[in-house]
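Enquirer: Fold the following, please.
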Amino acid sequence: MPPSEDAALLMQIVERHLKGMALTMHPDYPDEDWGFSAQQAVEELLKALIVLGDERPPLTHELRPLAAMARQLLSDDLLNLQVYAVEARYRPGPFPLPTSREALRREIEAFQAQVGQQLAAQQRLEQDETA
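Expert: Residues are numbered from 1 along each chain as shown. I've put the predicted structure just below:
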């Protein structure tokens, strides 16, 4: 499977997480659950970048090493979502979000757009190679 196909599958998962985040913006929805979806979206975007670089992403939820492997600088707010991968799911809270849901969603959507552009460029390159 070409890198763009693997990355496109990861982008579909990101879209699902973002849709869930959009539907759960109500402040009564637990930060821990919302943060998990946000962390997962960032993780999958990083893995998509790794795949687009024709590398295999490691089996980890850790954002820092994934960002390093993807050669992607992440804001502190996105890096601080790490706690939601495991700790916030299995320990009593509270685990407040590093910033507002809206700000996090905007930042993740901007990251999604950036990865989407790289995916589109890779797809064009792969099409040119097969033509």
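Enquirer: Please name the nearest non-neighbouring residue to residue 82.
Expert: Counting by C-beta to C-beta, 6 or more residues apart in numbering, the nearest residue to residue 82 once its immediate chain neighbours are dropped is residue 63, at 5.1 Å. The C-beta positions use only the backbone N, C-alpha and C, and glycine is treated the same way.
Enquirer: whoops, I mixed them up, residue 25
Expert: Closest to residue 25 by C-beta to C-beta, 6+ apart is residue 101, at 5.5 Å.
Enquirer: contacting residues for the one you found?
Expert: Residue 101 makes contact with 21, 25, 34 under the criterion C-beta atoms under 8 Å, 6 or more residues apart in numbering.
Enquirer: Recalculate using a threshold of 10 Å.
Expert: By C-beta atoms under 10 Å, 6 or more residues apart in numbering, the residues touching residue 101 are 21, 22, 24, 25, 26, 27, 29, 31, 34, 35, 38.
Enquirer: got the phi/psi numbers for it?
Expert: Per-residue torsions, residue 101: phi -60, psi -40 (degrees, to the nearest 10).
Enquirer: if I look at it, how far off is residue 22?
Expert: 10 Å (C-beta to C-beta, to the nearest Å).
Enquirer: try residue 49
Expert: 23 Å.
Enquirer: correct me, but residue 34 touches residue 24?
Expert: Yes - using C-beta atoms under 10 Å, residue 34 is in contact with residue 24, at 5.6 Å.
Enquirer: Could you identify the helix or strand that succeeds the helix or strand containing residue 14?
Expert: Residue 14 is part of helix 3-23, with elements assigned from DSSP states H and E. Counting by DSSP H and E, the element after helix 3-23 in chain order, helix or strand, is helix 31-52.
Enquirer: Mind listing what's buried along that next one?
Expert: Burial within helix 31-52, assessed by neighbour count using 16 or more other C-beta atoms under 10 Å, is assigned to 31-32, 34-52.
Enquirer: Number of residues surrounding residue 26?
Expert: 8 (other C-beta atoms under 10 Å).
Enquirer: for residue 94, helix, strand, or coil?
Expert: The three-state label given to residue 94 by DSSP: H, G, I helix; E, B strand; the rest coil is coil.
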